[in-house]
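>>> Below are the sequence and a predicted model for it; my questions follow.
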Amino acid sequence: MNAPLRELPKSSFDPSLARGAPGFRGDWGTALWVRAGCAHRCVFCHGYREAVPPSTFEELRSFLERPGKGARRLLLYGEPLLHPRVLDILALARGLGFTRLEAQSSGEELADRGFARALAAAGLSSVSIPLYARGSLHDRIVGRPGSRALLSRALTNLAGLKGVETWVHSVLMNVNLGEMGALRKEIEGRGMPFCVLPLHPKAEVRGVEKLLCSHREVVARYEGTGLGLVGFPLCALGPVDPKGFARIAASRRDPRKECHRKVEKGISDITFGYTRMFKTVQGRACRGCAVRRLCPGVFARHLERFGEGDLRPFASCEGRRP
């Protein structure tokens with residue numbers, strides 16, 4: 001498995017990166033946004049609504065050829081596997097000295113076994129893909145009939161592909177709250193890591209807050225199951241995954257100062273980095289919490305929807321309630 005990220009850019013994520021600027025660099029590596037079409041119409045996203053010209057190969061090459069730090073790890077964001085010259089991009093990166101190439105993708109194109117093998121041959125090291133539910137519910141969430149069947153084939157292809165690590169994550173919403181246990185069983189049964197992320201309610205998506213589910217609902221459904229929550233406030237993580245909570249408490253990580261230091265298991269570096277590019281807040285109820293400095297906080301719109309009562313502060317670093 002890949003070594004944990006220690007640092008990502010100190011600046012906030014700028015959505016213009018996905019539309020204009022090709023990427024940025026740091027000691028941790030190089031992030032490259034590859035503009036390409038999106039095959040999905042996800043209920044919580046807005047990217048497909050914007051007519052964005054694909055990245056030109058010359059534009060990407062110009063960025064990758066610039067001198068700078070982090071020239072050994074390349075994180076490919078956007079929909080890089082849908083770019084018509086993705087194999088050339090991988091070959092270029094290898095030729096420029098990048099030794100680890102990670103991609104985040106919807107994953108359906110990997111249902112083509114030949115294409116999956118070509119990506120591996122071109123040097124792809126790791127791929128991180130989302131899975132939201134079983135059967136047709138996944139298809140309805142992404143707005144594409146047949147998507148779930150394609151992803152099942154893609155995962156089968158990836159399981160037999162040497163040299164390419166596969167990571168699967170889901171995004172928790174009220175429409176798929178009951179699906180996480182079954183998804184976890186399916187993915188771990190394939191020998192792949194699995195984690196669950198909170199929904200980021202993007203301001204550009206009208207009514208997206210209606211998809212949010214409260215942390216109390218999450219705890220009520222999954223308490224004690226060890227479900228791999230990543231990016232949730234610790235008052236939700238603690239009851240659900242005590243071992244994960246203990247790792248964070250023992251690390252003494254301060255998300256405000258070490259916001260991209262990865263302690264969590266089951267999540268790829270590329271996806272973890274993406275989750276930490278968005279601003280979070282801590283509510284008034286957090287002021288007396290014993291683990292406040294260790295907690296990543298919550299999205300402001302989540303707090304607006306569910307209020308302070310959705311936060312349950314701890315009396316001690318062992319996770320005991322007041």
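Looks like it came in fine.

>>> Quick one: neighbours of the residue nearest to residue 61 when sequence neighbours are not counted, just the number.
Spatial nearest neighbour of residue 61, chain neighbours left out: residue 92 (5.9 Å); criterion: Cβ to Cβ, 6 or more residues apart in numbering. Yep, even glycine has a C-beta here, placed from its N, CA and C like the rest. Close neighbours of residue 92, defined as other Cβ atoms under 10 Å, add up to 19.

>>> What is the helix or strand where residue 92 lies packed up against?
If you go by DSSP states H and E, residue 92 is part of helix 86-95. In terms of contacts (3 or more Cβ pairs under 8 Å, 6 or more residues apart in numbering; DSSP states H and E), helix 86-95 is packed against helix 57-64, strand 100-104, helix 113-122.

>>> Tell me which of the ones you listed sits most buried.
strand 100-104 (a mean of 24; mean count of other Cβ atoms under 10 Å).

>>> how far out from the middle of the chain is that one?
Distance of strand 100-104 from its chain centroid, counting by Cα atoms, centre = their mean, to the nearest Å, is 13 Å.

>>> can you tell me how far the residue nearest the centre of the chain sits from residue 128?
Centrality entry for the chain: nearest residue to the mean C-alpha point is residue 271, 3.2 Å, by Cα atoms, centre = their mean. Here residue 271 is placed at a distance of 5 Å from residue 128 (Cβ to Cβ, to the nearest Å).

>>> got the contact list for residue 293?
Residues near residue 293 by Cβ atoms under 8 Å, 6 or more residues apart in numbering: 254, 256.

>>> Repeat the analysis, applying 6 Å as the threshold.
The contact partners of residue 293, taken as Cβ atoms under 6 Å, 6 or more residues apart in numbering, are residue 254.

>>> Residue 37 - nearest residue in space that isn't next to it in sequence?
Of all residues not flanking residue 37 in the chain, residue 82 sits nearest, at 5.9 Å (Cβ to Cβ, 6+ apart).

>>> for this structure, what spans make up the helices?
Taking DSSP state H, the helices of the chain run over residues 57-64, 86-95, 113-122, 135-142, 147-159, 180-189, 215-222, 234-240, 242-251, 269-275, 300-306.

>>> Nearest to residue 286 among those helices would be which one?
helix 234-240 (8.5 Å; Cβ to Cβ).

>>> how distant is that closest one from the center of its chain?
Remark: helix 234-240 is offset 19 Å from the chain centroid, using Cα atoms, centre = their mean.

>>> could I get it in PDB with only the CA atoms?
The C-alpha trace of helix 234-240 is given here as PDB (Å, rounded to 0.1, in the frame of the first residue of the first chain):
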ATOM      1  CA  LEU A 234     -15.000  12.400  15.800                       C
ATOM      2  CA  CYS A 235     -18.200  12.300  17.700                       C
ATOM      3  CA  ALA A 236     -19.600  10.300  14.800                       C
ATOM      4  CA  LEU A 237     -16.500   8.300  14.100                       C
ATOM      5  CA  GLY A 238     -15.900   7.200  17.700                       C
ATOM      6  CA  PRO A 239     -19.100   5.200  18.300                       C
ATOM      7  CA  VAL A 240     -19.000   3.700  14.800                       C
END
